[in-house]
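*Asks:* pasted the sequence and its predicted model underneath.
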Amino acid sequence: MMSWNRPQECTPMRRGRISAVVSARSPAPTGAGGGLLPARDLAAAWFLVVLIAVPAWALTTSQAGDMGVEPGTMGLALPLFLLLWVTMMAAMMLPSMAPVAITWVRGIGRRSSGWTRTVRTVEFVGGYLLVWAVFGLLVYAALALTGGLLDDHADAGRWIGAVAFLLAGLYQLGPLKYVCLRHCRDPMGHLVRYAGFRQPARDLRVGVHHGAYCVGCCAGLMVVLIPLGVMNVAAMAALAVVIFVEKLWSRGPALGRVVGVAFLVLAVLAPFQDWLLPGLRGSMPAMDDM
């Protein structure tokens with residue numbers, strides 16, 4: 001008589017299905033047990049990240065100290081603004097996206113050498129920063145629009161700030177944010193997909209694709225730089241910490257929702273609290289003068 005308790009044989013196909021189900025149910029955030037890099041390589045990678053991020057922060061901080069926090073485009077021509085913007089994004093985004101980028105670049109190093117490796121790496125990084133430069137065009141247009149509104153209506157800053165916080169809060173709580181955040185937190189499946197990309201400009205396309213997800217994940221956070229000030233170093237540092245924790249902490253999505261609710265609260269307070277709008281205050285009359 002056969003026993004119903006006899007364990008079933010675990011075939012390779014069955015093991016693959018089980019592994020896929022487990023992977024789908026429990027995605028690990030980037031760099032937090034996701035197996036992207038061995039511990040030794042990961043430590044070396046983070047050291048390189050620090051070597052790149054620290055000069056980017058130093059340049060951003062120095063430029064912000066010279067310019068101060070002002071509304072609008074701060075008198076910057078578009079090319080100079082984009083240069084500063086890309087430098088800011090390198091400083092703010094590199095720590096949170098480094099594990100994915102390093103994994104891809106490490107794969108490049110295994111399959112190429114010499115100038116070919118250098119060109120492929122530059123293509124990947126260039127594609128990523130290209131997406132942020134395109135987003136910078138939208139930011140510049142928004143700053144030019146708000147600056148013009150403030151020139152014509154000095155008291156409009158309060159309502160511009162309220163709208164910016166409202167849009168940022170709604171985006172933080174919306175579905176697109178978490179589609180993109182899911183990609184940034186569990187990129188291994190996408191790295192496998194990237195491996196199927198074909199030439200020409202394969203690495204450039206990978207950088208653009210991953211950069212687009214990063215923009216989608218962080219767009220709401222960047223909107224608040226309009227009322228807080230694009231060259232507000234404290235705001236940049238705070239947002240960089242939020243981005244880092246959202247992507248790498250196990251409860252990052254919950255933090256994102258808390259930040260979204262906080263932005264909605266700021267949207268309600270902004271018309272009545274000038275100190276919440278340092279990036280718009282330069283042209284606004286004080287509340288006591290109204």
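*Replies:* Perfect, thanks for sending it.
*Asks:* does residue 248 touch residue 96 like I think?
*Replies:* Yes - taking CB atoms under 8 Å as the definition, residue 248 is a contact partner of residue 96 at 6.6 Å. (Each C-beta comes from the backbone N, C-alpha and C, glycine too.)
*Asks:* those two: which is more packed in?
*Replies:* residue 96 (25 against 18; other CB atoms under 10 Å).
*Asks:* now do the contacts for that one.
*Replies:* Residues touching residue 96, when contacts are defined by CB atoms under 8 Å, 6 or more residues apart in numbering, comprise 30, 184, 240, 243, 244, 246, 247, 248.
*Asks:* just residue 235 next, same as before
*Replies:* Contacts of residue 235 (CB under 8 Å, 6+ apart): 224, 225, 228, 229.
*Asks:* rerun that using 10 Å as the cut-off
*Replies:* For residue 235, the contacting residues are 69, 221, 224, 225, 227, 228, 229, 278, 279, by CB atoms under 10 Å, 6 or more residues apart in numbering.
*Asks:* now, which of those residues lie within strands?
*Replies:* Assigned to strands by DSSP state E, none of the contacts of residue 235 qualify.
*Asks:* just the ones of the residues you listed in helices?
*Replies:* Using DSSP state H, 221, 225, 227, 228 are the members of these that sit in helices.
*Asks:* how near is the last one to residue 220?
*Replies:* Distance from residue 228 to residue 220, counting by CB to CB, to the nearest Å: 13 Å.
*Asks:* same check on the third one?
*Replies:* Distance from residue 227 to residue 220, counting by CB to CB: 13 Å.
*Asks:* who touches both of those two?
*Replies:* Shared contacts of residue 227 and residue 220 (CB under 10 Å, 6+ apart): residue 168.
*Asks:* compare these two and say which is more crowded by neighbours.
*Replies:* Legend: neighbour count by other CB under 10 Å for residue 227 and residue 220, higher for residue 227 (28 against 22).
*Asks:* show the contacting residues for the more buried one.
*Replies:* Residues touching residue 227, when contacts are defined by CB under 10 Å, 6+ apart, comprise 71, 146, 157-158, 160-165, 168, 235, 266-267, 270, 276-281.
*Asks:* of the residues you listed, which belong to helices?
*Replies:* Residues of the contacts of residue 227 located in helices (DSSP H): 146, 157-158, 160-165, 168, 235, 266-267.
*Asks:* of those, which is the nearest to residue 83?
*Replies:* Out of those, the one with the shortest distance to residue 83 is residue 235. That distance is 19.7 Å, counting by CB to CB.
*Asks:* who's in contact with stretch 56-70?
*Replies:* The set of residues external to stretch 56-70 that reach it, using CB under 10 Å, 6+ apart, is 74-76, 80, 83-94, 143, 147, 228-237, 240, 278-283.
*Asks:* ok, of those residues, which come out buried?
*Replies:* Neighbour counting over those (16 or more other CB atoms under 10 Å) leaves 74, 76, 84-94, 143, 147, 228-233, 235-236, 240, 278-283 as the buried ones.
*Asks:* using PDB, write out every CA atom in stretch 162-177.
*Replies:* The C-alpha trace of stretch 162-177 is given here as PDB (Å, rounded to 0.1, in the frame of the first residue of the first chain):
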ATOM      1  CA  ALA A 162       1.400  75.200  -2.000                       C
ATOM      2  CA  VAL A 163       0.900  73.800  -5.500                       C
ATOM      3  CA  ALA A 164       4.400  72.400  -5.700                       C
ATOM      4  CA  PHE A 165       4.000  70.600  -2.300                       C
ATOM      5  CA  LEU A 166       0.600  69.300  -3.300                       C
ATOM      6  CA  LEU A 167       1.900  67.900  -6.600                       C
ATOM      7  CA  ALA A 168       4.900  66.300  -4.800                       C
ATOM      8  CA  GLY A 169       2.700  64.700  -2.200                       C
ATOM      9  CA  LEU A 170       0.200  63.300  -4.700                       C
ATOM     10  CA  TYR A 171       3.000  61.900  -6.800                       C
ATOM     11  CA  GLN A 172       4.600  60.300  -3.700                       C
ATOM     12  CA  LEU A 173       1.400  58.500  -2.900                       C
ATOM     13  CA  GLY A 174       0.500  57.600  -6.500                       C
ATOM     14  CA  PRO A 175       1.100  54.300  -8.400                       C
ATOM     15  CA  LEU A 176       3.800  55.500 -10.800                       C
ATOM     16  CA  LYS A 177       6.100  56.300  -7.900                       C
END
